[in-house]
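*Asks:* please work out how this folds:
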Amino acid sequence: MIIGKTLLLARTALCAVFVFAICESANAQSSGKANIPSKPVIQQVSSGGRVIQIDSNGLKRLLKPNGKPLLVNFWATWCDPCREEFPDIVKLDRAYKGRLDIITISLDDIEDIDTTVPKFLRAQKAEMPAYLLRTPDESAAIQMVAADWSGSLPLTVLYTARGARAYLRMGKIRLEKITPEIEKLLGPATR
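*Replies:* Purely as a prediction, here's the structure:
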């Protein structure tokens, strides 16, 4: 019981640090001190994986499908449910490769773009494009994704090939729920 309370306190502290960092970034941005690029910056990782930094403009571009249905998963390495569900995201990517675009967007700290995030992705054998969102206005980014999203993680959104939201799951996905939604979008001709 003490371990459970300790973990809960640790998670609460991590969340508070995350909120503080976002607020500090916003304050720096409004004072002109922050340097957030308008175009994504590609960061290479030594073992072949890569994580691309994006801002709000990059997020907006990513949420537009390229002629195929699109699944977007928001996650972070410090989020236990995110880590637990990630193997299922990898399974979906392998099962629907070429028919469904899947991207992951990490909400980890920017300092983790070359360390913690790519290390986790390599351990999961993740091959889908991976991004790390850094924005001074978290609320605007949340609203861009889904007005009914509180910002909690994980979040998975499935878009039609035309960009309409077809499915949204706050919390861990369940393959038995999301697979039929994907199949509806792909139709019988692509199986």
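
*Asks:* can we go C-alpha only for contacts and neighbour counts from here?
*Replies:* Will do.

*Asks:* touching, Asp55 and Asp137? I think so.
*Replies:* No: Asp55 is beyond contact range of Asp137, at 9.6 Å (criterion: C-alpha atoms under 8 Å).

*Asks:* these two: who's more crowded?
*Replies:* Shown here are Asp55 and Asp137; by other C-alpha atoms under 10 Å, Asp55 has more neighbours (21 against 16).

*Asks:* how close does the more buried one sit to Arg169?
*Replies:* 23 Å (C-alpha to C-alpha, to the nearest Å).

*Asks:* next: Met144.
*Replies:* For Met144, the distance to Arg169 - C-alpha to C-alpha - is 16 Å.

*Asks:* tell me which of those two has more neighbours.
*Replies:* Neighbours per residue, other C-alpha under 10 Å: of Met144 and Arg169, the larger number sits with Arg169, 17 against 14.

*Asks:* residue contacts, the more buried one?
*Replies:* 155-157 (C-alpha atoms under 8 Å, 6 or more residues apart in numbering).

*Asks:* the same query, at a cut-off of 10 Å, please.
*Replies:* 73, 149, 153-158, 177-178 (C-alpha atoms under 10 Å, 6 or more residues apart in numbering).

*Asks:* which of those fall in helices?
*Replies:* 177-178 (DSSP state H).

*Asks:* mind putting the contacts of Arg169 in TSV, neighbour count, pLDDT and distance to Phe120 included?
*Replies:* TSV is the format used below for the contacts of Arg169 (neighbours: other C-alpha atoms under 10 Å; pLDDT from 0 to 100; distance: C-alpha to C-alpha, whole Å):
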residue	neighbour count	pLDDT	distance to Phe120
Asn73	24	98	15
Trp149	16	94	25
Leu153	21	97	17
Pro154	24	98	15
Leu155	22	98	18
Thr156	20	98	18
Val157	18	98	21
Leu158	25	98	23
Lys177	10	97	25
Ile178	16	98	23
